[in-house]
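Trainee: Need a 3D model of the sequence below.
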Amino acid sequence: MLKVLCGDSAGELELSGTRSELLALSRKLRSGEGETLLSKVSNPFPYSRSLSRIAVCQASGKIMISSSGDGESLDVEGKLESLHLLADNIEGFALEADQDDHLHVDYFPEHDYLAEGSGSLVVAIDSDATQAS
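Mentor: Numbers count the residues shown, from 1 in each chain. From the prediction side, this is the model:
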């Protein structure tokens, strides 16, 4: 099951899952809406906590990635075109990355799909993930 770990002090977010789980998430992003339940990690060290869900929602403008006010959700919201670009990146990573690779989703000026103020996200493949579906 997908996991999202959150470091409260630096606002770091790490999303990890099998290749097939990451591909399923990319499909959810393309749909522009929905919720994905996450596996809770009892000891998320070196992170502060483990989130319980990812919520995808269409909104105007580029994507904002944030941890919800209740501290349980990774919220991803933006226009459908931007959600498709993020989905493309996650899908390409899931299909082609080596086991030790990471995908960094970080805002920079004139980013194609991330809004200024968006949280940074690191995407990783779980160590037990060897096959794409």
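
Trainee: State the distance from Gly17 to Asp126.
Mentor: For Gly17, the distance to Asp126 (C-beta to C-beta, to the nearest Å) stands at 6 Å. C-beta here means a position set from N, CA and C on the backbone, and glycine is covered the same way.

Trainee: Which residues are in contact with each of those two?
Mentor: Common neighbours of Gly17 and Asp126, counting by C-beta atoms under 8 Å, 6 or more residues apart in numbering, are Lys3.

Trainee: confidence score at Ala132?
Mentor: At Ala132, the pLDDT value in this model is 39.

Trainee: ok, and for the helix or strand where Leu85 lies, which residues are buried?
Mentor: For Leu85, the host element (DSSP states H and E) is helix 80-96. Using 16 or more other C-beta atoms under 10 Å as the test for burial, helix 80-96 gives Ser82, Leu83, His84, Leu85, Leu86, Ala87, Asn89, Ile90, Glu91, Phe93, Ala94.

Trainee: Tell me which of Gly17 and Asp126 has more neighbours.
Mentor: Gly17 (24 against 17; other C-beta atoms under 10 Å).

Trainee: Could you list the low-confidence segments of this structure?
Mentor: Low-confidence segments of the chain (pLDDT under 70): 69, 127-133.

Trainee: Dihedrals phi and psi, the residue nearest the centre of it?
Mentor: Central residue of the chain (C-alpha atoms, centre = their mean): Leu15, 5.1 Å from the mean position. Backbone geometry at Leu15, expressed as degrees, to the nearest 10, gives phi -110, psi 130.
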